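Visitor: When you get a sec, could you give me coordinates for this:
(chains A and B)
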Amino acid sequence: MSDYMIEKIKFGILSPDEIRKMSVVQIISKDLFDDDGVPLKNSIMDPRLGVIEPGQRCEICGNTMRECPGHFGRLELARPVIHVGFVRHIHEILRATCRNCGRFKVPSSYIERYGDPEKAVEEIYRIYTKMKKRWPLLAKRLANTLKKEAMKVSQCPFCGAKQYKIRLEKPTSFFEESEEGNLKLTPIDIRQRLERVPDKDLEIMGYDPKEARPEWMIITVLPIPPLTIRPSIILETGARAEDDLTHKLADIVRANEKLKEALETGAPNIIVEDAWELLQYHITTYFDSETPGVPVAKQRYGRPLKGLVQRLKGKEGRFRGNLSGKRVDFSSRTVISPDPYLSINEVGVPVDVAKILTVPERVTPWNVERLREYVINGPFKWPGANYVITPDGRRLDLRFVKDRKALAQELGPGWIVERHLDNGDIVLFNRQPSLHRMSIMGHIVRVLPGRAFRLHLAVCPPYNADFDGDEMNLHVPQNEEARTEARVLMLVQKQILSPRYGGPIIGGIQDYISGAYVLSSKTTLLTKEEVIDLLSAAGYIGPIPEPAVLSPKRYWTGKQIISMFLPEDFNYRGAAKVSSGKLACNDYECFWDSYIVVKKGKLLLGVLDKKAIGSQEPESLYHFLVREYGDEVGREFIDKVFRIFIKVLEKRGFTMTLEDISLPNEAKAEIKRLLNESFEKVHELINRYRSGELEPEPGRTLEETLEIKIMEDVLRNAREMSGEIAVKYMDLFNNVFIMARTGARGSTLNITQMAATLGQQSIRGARISRGFRDRYTAHFKPGDLGAKARGFVENSFVEGLTPTEMFFHAAGGREGLVDTAVRTSQSGYMQRRLINALQDLYVEYDLSVRSIEGSMVQIIYGEDGIDPMKGIHEKSVDIDRLIERVAGHRL
Amino acid sequence: MKTSYELDKEKILEIIGKKASFLPKKIVEELISKIIAKRLSLEEAEKVIELAAQQYISSLIEPGEAIGTVTAQSIGEPGTQMTLRTFHYAGVRELNVTLGLPRFIELVDAKKTPSTPIMYIYLKDEYKNDREKALEVARKIELTTVDNVTLEVSTDPYTNSIMIRLDPEFLEDKGVSVEQVANVLKKYGDVRISDEDPYMVIISTNESDVFRLEKLKNKILKTRIKGIKGIKRAIVRRTGDEYVIVTDGSNLRSVLKLREIDPYRTYTNNIKEIEEVLGIEAARAALIREMANVLKEQGLDVDIRHLILVADMMTYTGTVRQIGRHGVTGEKESVLARAAFEITARHLLDAAARGEEDLLRGVAENVIVGQHMWIGTGRVKLFMKLSRKNEGVSNVSS
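Guide: Okay, here's the model as predicted:
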């Protein structure tokens, strides 16, 4: 933390005096350059406004371009002009105060309560200032109501003057509507009125007369911003292109000059008015070029100019683009690629990247030797160093140091070496969109050859990453505090459990699940050689357990291997994912081996699949393992056992063939029959509809009823039933089906679509009907409502689609794409709003939830004070689980 | 052979009192019943209770946690997986309900009326088991206008009268008699039932202007005969072992006045209405319930505590506030936080006019000025005391 902190920021309006005091140049000249192209003094390009050329020193502060912040100038306006941003406030103050004496028009109810208007103001002021200290929001509201009420008062309670309606004609003209007619109020008139309003009266209207007198809302002196904020760019042609603001300022100076001239020569009123209007226009668009009711200020080629407001506004504006989100150094980005031989905590970093990213390391007696080595290696040889910082703060670029060996010898305490990224460093790894905190996690560096970042497959779910070209970002924390936080709080293994639902978000996916299933299946028997192979994949060193089968040959079971890596007092029981349909089991007497029983760290029964080790599976074996034994054990399980799962698949081979999703002829015939029956039923419905026999359902039209009946009753069934037929004929142990059953990849729906039929395609939940009039394509008869004419795809992916079917399928697929595109923007905005609304909430030491402003939102977080991440799927204590833990081995 | 079991409720309570007196009542009860059911030994029971205590303590949230951000992310992230445009059946085929992302956005927006308002009206014991009685209540609730029972209308500019031919089928369906219709129309002029046609109602008005007459006709068609305003349709549905009325449209205040309904279970999905009729606590509960429903229907797993926090943030001031510009964020004290969210220029200009101060307490403000934020690890204000020798060194401010 730095020595100084900003305590608060006070907002206010610059007074003319202040503007004059801070100004270093008065702008007089309307030309910017002399004939030689040298910037003119007293123009808006006056060099005193800020240094723009490197090497030059500032005339005012003596700094070079890097240090000089630039200085303000000023332009004395010939006539005052209204500041567009404050028009609303000017209007309100004018209406809430007397046109004659400038006092706040106290509403009658207050006069009644406090006696006379003078006393009422006093009293309200007293209450208001007190309130402002304790309940600023309430005070704001009070001031607003007072102001609103005062605007309705038609006679001044102080001087008795009659009040007229004041109309604002956007953007900047005011009119007073009296009996004699409408009178235009010039900025001079308005300024005079505003000047008359006393401080106290302003304060009860919610203004701060010390920082923002209302007459300052009328500009008499315009501050000219330093050149630093409106730099000119030199084009390749050598021509200079000025910033939009400079252009706008030039317009203002010119307009001002014209107005001054008109006034000095005593030109007729209309000419003066016109010049004044023009000045007003230019100043208005200088502040906000998109002011409604005013033509957009344009650059010569029609590009709209950027006003000051445009610089601040919107996603790419100063606030959201530069202040709330900043660009950083010490970061890199490249394609990602999988590496199952890394730990989940690690990230593979290409050498090329490691040579550019640096970590500052202080020289101590314990690391001098190593750091000297780095300095000698220099910037081009890994592991080296790119910069050295001397005790007096000089920064030496090792690219240009001639004798690195000599420099290395000079190193000692007090020096800092910016060395290359090395194995064991902690870095932050990120994939956009960063939707939750697991989108940025701490990884430990492993420098590897190649050009891609590499990561373990089990960390794909939290990042939502795949390897079809995804890129990810890597950041190197630069100080001890940041590194410690990264290691202690952000490391991947600390993020295994998700705070969203209290379950592991890191766990087995795809091949890990298939592998676990294959290994833990009853049929898997392993020879000694195989066991050794598998155990060495996990890096296991130690004795091999007794084989489960002794004769005719010594065989080990897969469950034995897995058991070796479970803690000795671990009990678990629960159904596996494969336990569904006819393979369902609810206790451990299970023929299909689909009920997992672990007693005292031994996997006795059941196969491991998605329900046991999968990611995003709460209350699974893996979840309890992590929760009860800690993230270190959880990490080790993935780093060791998961590698065995992969090894199993490598040895056995695991792929998918056409045969896996091909059906025997009788199955095909059965499906065909079923589909034809369904078509027949659709036909029947259509006939009944045509003959008027179909009864409409209440609240629906006849057409809707027909569609619902066809979709819901007939065609949805058709696909489901053909799926069932397909599954019935399928080999339970073919690889595709294993993947679907274990939850490794795909579902029975996918299998159905590959093997049996694609089924009904739909757009917005209805059958596809748009296209030609009364038909989808020219292949159908107009008005045909039959299944095939409205998007039922009879064929499967294996058989191939007919041309018309292909178009139906594409139409349905397109809807999905459009949906995702629209949805991301909507949910993104919702998330932004949620974050903005909630980000200031924190848990106090008494477990209450409070906002940083001090209000209490919850007396105890979540009504029980339980952290969702540490609980078990919403429960704080799972008693069944505890009993299982303690007594599971005997029950 | 059955040995007598060594543990009973008192005994377990005693152990809990000794080792885990801080456990919530619900967990204590569960412990007792489950220990007895599984017939754990004394030793095992002690171990279980110990573990329960240990787990409960270690599951408590850590002070300083930036729980707001965690909550926002936990709700926002699954938002990307929600389906758009889901008009789903509310169990009844006749009615559609907005679900998925649009409905969720509607909830956090604190919209005045949902895009598909729906009520679930439960009935008192005397009515809930009888379909006929339930239907009768439904008919009573359903808003019936003249238009609903009309076959055709015509105006006669010569006699300044409007003739309405009622549809006998609809009349019966809605349980309305011709006399009833005639009754409600009395306020528009003389009403009589035609002699030739018993279903023809003729209203003689003193409106001579043709356009006005036409206007009056439209007004007459919209006249309520019976039912509750806002309830467009009421459908009786069997849920479990009782009949429940599901309605299209919602009017909680009027429905609650009905004798036949069970006011304790009757429910609407209109949060604003619940707030007005039943108060802010009910609105909070309804918000949580509705959000949980949407997520559950989408098959998304989000801890209820996140939803509770969002609902609390929306309601803790006493009124339902929107998550966004006109609500929670818009009412923040900090100028910079508001400016960084939306309508940047206005917030800055207003702050200038009012001479506002930004105390730089929130997260967004400190990110803007480049300081540590006061949340999470940034909340801790402990610094190591430097040794006496170094006391000359200026202390780091806290």
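
Visitor: rest of the way, CA atoms for contacts and neighbours
Guide: OK.

Visitor: List the residues that contact residue 336.
Guide: Since you didn't name a chain, this refers to chain A. The contact partners of A:I336, taken as Cα atoms under 8 Å, 6 or more residues apart in numbering or on different chains, are A:452-455, A:467, A:469-472.

Visitor: should've been chain B
Guide: B:348, B:358, B:364-365, B:368.

Visitor: thinking again about what came up before, quick one: which of the contacts of A:I336 is most hemmed in?
Guide: A:F453 (27 neighbours; other Cα atoms under 10 Å in any protein chain shown).

Visitor: Okay, and the beta partners of it?
Guide: A:I336 (DSSP bridges).

Visitor: Please pull out the lowest mean pLDDT helix or strand from chain B.
Guide: Using mean pLDDT, DSSP states H and E, strand B:86-89 stands out as the lowest-scoring helix or strand of chain B, at a mean of 60.

Visitor: What ranges in chain B fall below the confidence cut-off?
Guide: Filtered on pLDDT under 70, chain B yields the residue ranges B:1-6, B:85-94, B:383-398.

Visitor: Please parse the chain into its domains.
Guide: Because you didn't say which chain, this covers chain A. A:83-218, A:229-325, A:331-504, A:511-652, A:658-818 (automatic domain parsing).

Visitor: Oops, wrong one, chain B.
Guide: If you go by automatic domain parsing, chain B breaks into B:9-58, B:144-226, B:332-398.

Visitor: between those, which gets nearest to B:V302?
Guide: domain B:9-58 (20.4 Å; Cα to Cα).

Visitor: Run the chain-centre distance for that closest one.
Guide: From the chain centre to the centre of domain B:9-58 is a distance of 37 Å (Cα atoms, centre = their mean, to the nearest Å).

Visitor: So is it next to chain A?
Guide: Yes. For domain B:9-58 and chain A, the contact criterion (Cα under 8 Å from any Cα of the partner chain) is met by B:27, B:30-31, B:34-35, B:40, B:44, B:47-48, B:51-52, B:55-56, B:58.

Visitor: Write the PyMOL selection for whichever of those are buried.
Guide: The buried subset of the residues of domain B:9-58 next to chain A, as determined by 16 or more other Cα atoms under 10 Å in any protein chain shown, is captured in PyMOL by this line:
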select buried, chain B and resi 27+31+34+35+40+44+47+48+51+52+55+56
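
Visitor: For the residues of domain B:9-58 next to chain A, name the two members farthest from one another.
Guide: Maximum pairwise distance in the residues of domain B:9-58 next to chain A, criterion Cα to Cα, is 24.2 Å, between B:L40 and B:S58.

Visitor: residues touching A:I9, list them.
Guide: Contacts for A:I9 (Cα under 8 Å, 6+ apart) come out as B:357-360.

Visitor: Using JSON lines, lay out the domains of chain A together with distance to B:N269 and mean pLDDT.
Guide: Listed next are the domains of chain A as JSON lines, based on distance: least, Cα to Cα, whole Å; pLDDT from 0 to 100:
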{"stretch": "domain A:83-218", "distance to B:N269": "31", "mean pLDDT": "86"}
{"stretch": "domain A:229-325", "distance to B:N269": "35", "mean pLDDT": "85"}
{"stretch": "domain A:331-504", "distance to B:N269": "25", "mean pLDDT": "94"}
{"stretch": "domain A:511-652", "distance to B:N269": "30", "mean pLDDT": "89"}
{"stretch": "domain A:658-818", "distance to B:N269": "20", "mean pLDDT": "87"}
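
Visitor: so which of those comes closest to B:Q73?
Guide: domain A:331-504 (5.0 Å).

Visitor: what's the span of the closest one from first residue to last?
Guide: Domain A:331-504 has an end-to-end distance of 29 Å (Cα to Cα, to the nearest Å).

Visitor: What is whatever helix or strand A:G813 lives in packed up against?
Guide: Using DSSP states H and E, the secondary-structure element containing A:G813 is helix A:803-838. The contact analysis (3 or more Cα pairs under 8 Å, 6 or more residues apart in numbering or on different chains; DSSP states H and E) places helix A:803-838 against strand A:762-763, strand A:792-793, helix B:67-79.

Visitor: make it 7 Å
Guide: With contacts taken as 3 or more Cα pairs under 7 Å, 6 or more residues apart in numbering or on different chains; DSSP states H and E, helix A:803-838 sits against strand A:762-763, helix B:67-79.

Visitor: And it, how far out from the chain middle?
Guide: 17 Å.

Visitor: quick one, that helix and helix B:67-79 angle?
Guide: 170 degrees (axes from the mean of the first three to the mean of the last three Cα atoms, to 10 degrees).
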